[in-house]
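Please work out how this folds:
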Amino acid sequence: MRILIATAGSQGDVAPYIGLGRRLAQAGHEVSLATHTTFETAARHAGLGFRALPVDPRSELASDRGQRLLRAGAGPLAVAELLRMGRRFMPALGRGILEAVRHGTDLLLLAATTAPLGQAVAEAHDLPSAGVFLQPLYPTGEFLPVVAGTSASLGRRGNLLAGHTAQLAVDRLFAPAVRDLRRQLGLPARTAAGLRRRHARQAWPVLHGFSPSVVPRPADWAPSARVSGYWWPHTPADWQPPAQLADFLRAGPPPVYVGFGSLVVADPGRLGEVITAALRTARLRAVVQRGWSGLSVESRDVLVVDEVPHAWLFPRMAAVVHHAGAGTTAAGLRAGVPAVPVPAQLDATFWATRLTALGVSPGPVPLRRLSAERLAVGLRRAVDEPAYRVRAREVADRIGAEDGAADVLELAARISAG
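Residues are numbered from 1 along each chain as shown. I've put the predicted structure just below:
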């Protein structure tokens, strides 16, 4: 069966789907990934076909619009910035998904960033489709929306109301592009609420690529929404670490990792200075990943690296400092190492709160309040207090027993069988 996975966003919005696509291909399906050209090489190295979608996410995040989103952090202001940022390229994204499907598709799997547009394309082509989401986006009374930017609870009714409010904001983001795409495809006009009711009646399946050990499935979700488990990024079997990295790891005790992935900060030089001072104060060796911000740290006890598979690197670390993106959070949990999250925007506060609640972190150090002293204190606690590592290993054992791709494989097999 020809399966197309469509996703849009940064590294953390794409890498899990490359791993998922690899699993589907190993099961005998012909799998292609539709996303930004930035990720074409990674997709092809995993043995997947590739179909290009518009927009360069790194350039967008580095632009004035992207920096306004970073300054907004999370909550209503961040959602408003996301609306302004997203509306510019949503029509082109819809056209890109339509073109990708025309190359031959039997099943369309849609990330949250492509679902409203992809559902219209699937409807027009009478294609089976399903959601494959990386965050718990459906409204629930059990916790606030992932973009709320706070770990507080408003109670079941308040949380649920906030969830529906966030859903309305997402509808506003996609509405103009979905309306135009449906008109182009000759589909009847429908409101976002009408489309949701239609999908609910059809029990449109949504499989979530995070562990139920990290976020248990909310009891008030529809039966068609499942929490499947993580979809792990693909690491080539022949991958070997650079000699400089292997030598650095052998030269002393396990270092800590510091990296902010696809986060693009306005002043990477200042962030590098804070990290340098924190590591010096905490008296720790470190591997620092440049990431999309181009971080640089000058110290004989620090090695600065480009992209290294987290599945290989993190188990060799004493602790990990990261921006609390969904994918990096998952990689740290899988490795069984303590974490010091530095949440900056959108869903990062949600994942940082989960790490703390799981007992694998002494607590977040938000980017807007980041200082060398705060980071050093968090690092020393994560490294020195055994309870965090013990708990991290317990969570890793539970996650290791799960097979997040199994639900997706079963869905594909069922659809393929007719």
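
all contacts plus neighbour counts: C-alpha atoms, from now on.
Will do.

Tell me where the stretch 101-250 of the chain has strands.
In the stretch 101-250 of the chain, the strands defined using DSSP state E, counting those that start in this stretch lie at 107-110, 129-133, 206-208, 225-227.

so what does the third one touch, helix or strand wise?
Counting contacts by 3 or more C-alpha pairs under 8 Å, 6 or more residues apart in numbering; DSSP states H and E, strand 206-208 is packed against strand 129-133, strand 225-227.

Tell me which residues are up against the longest one.
Right, strand 129-133. Contact partners of strand 129-133, identified using C-alpha atoms under 8 Å, 6 or more residues apart in numbering, comprise 107-112, 115, 119, 122, 204-209.

what's the answer for the last one, then?
Strand 225-227 is contacted from outside by 205-212, 216-217, using C-alpha under 8 Å, 6+ apart.

Could I have the buried ones of those as PyMOL selection syntax?
A single PyMOL command selects the buried members of the contacts of strand 225-227 (16 or more other C-alpha atoms under 10 Å):
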select buried, resi 205+206+207+208+209+210+211+212+217
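
As CSV, the contacts of strand 225-227 with distance to A406 would be great.
Shown next, in CSV, are those (distance: C-alpha to C-alpha, whole Å):
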residue, distance to A406
P205, 14
V206, 14
L207, 10
H208, 12
G209, 11
F210, 13
S211, 13
P212, 14
P216, 17
R217, 17
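
Adding pLDDT as columns, could you present the contacts of strand 225-227 in TSV?
TSV is the format used below for the contacts of strand 225-227 (pLDDT from 0 to 100):
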residue	pLDDT
P205	96
V206	97
L207	98
H208	98
G209	98
F210	98
S211	98
P212	97
P216	97
R217	97
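
hey, which strand is longest across this protein?
When the chain is parsed with DSSP state E, its longest strand is strand 30-36.

That strand - which strands sit beside it in the sheet, and in what orientation?
Paired with strand 30-36 in the same sheet, following DSSP bridges, are strand 2-6 (parallel), strand 49-53 (parallel).

So which bits of the helix or strand just after it are buried?
Using DSSP states H and E, the helix or strand that follows strand 30-36 towards the C-terminus is helix 40-45. Residues of helix 40-45 classed as buried under the neighbour-count rule (16+ other C-alpha under 10 Å) are 40, 42-43.

In terms of distance to P386, which of those ranks first?
Nearest to P386 among the buried residues of helix 40-45: A42, at 36.9 Å, using C-alpha to C-alpha.

Report the secondary structure state of the closest residue to that closest one other than its chain neighbours.
Spatial nearest neighbour of A42, excluding adjacent residues (C-alpha to C-alpha, 6 or more residues apart in numbering): I18 at 7.7 Å. Classification of I18 using DSSP: H, G, I helix; E, B strand; the rest coil returns helix.

Could you break this protein into its assigned domains?
Listed by automatic domain parsing, the domain ranges of the chain are 2-230+402-417, 243-400.

Pretty sure R334 sits against E402.
No - counting by C-alpha atoms under 8 Å, R334 sits too far from E402 to count as a contact (10.8 Å).

Just want to know which of the two has more residues nearby.
Between R334 and E402, counted using other C-alpha atoms under 10 Å, the more crowded position is R334 (23 against 15).

Quick check: phi and psi at the more buried one.
Phi and psi for R334, reported as degrees, to the nearest 10, are phi -60, psi -40.

what residue ranges in the stretch 1-150 of the chain score low on pLDDT?
Low-confidence segments of the stretch 1-150 of the chain, defined by pLDDT under 70, are located at 57-86.

how near is G49 to I3?
10 Å (C-alpha to C-alpha, to the nearest Å).

Find residues that contact each of these two.
Taking C-alpha under 8 Å, 6+ apart as the criterion, G49 and I3 both touch 31-32.
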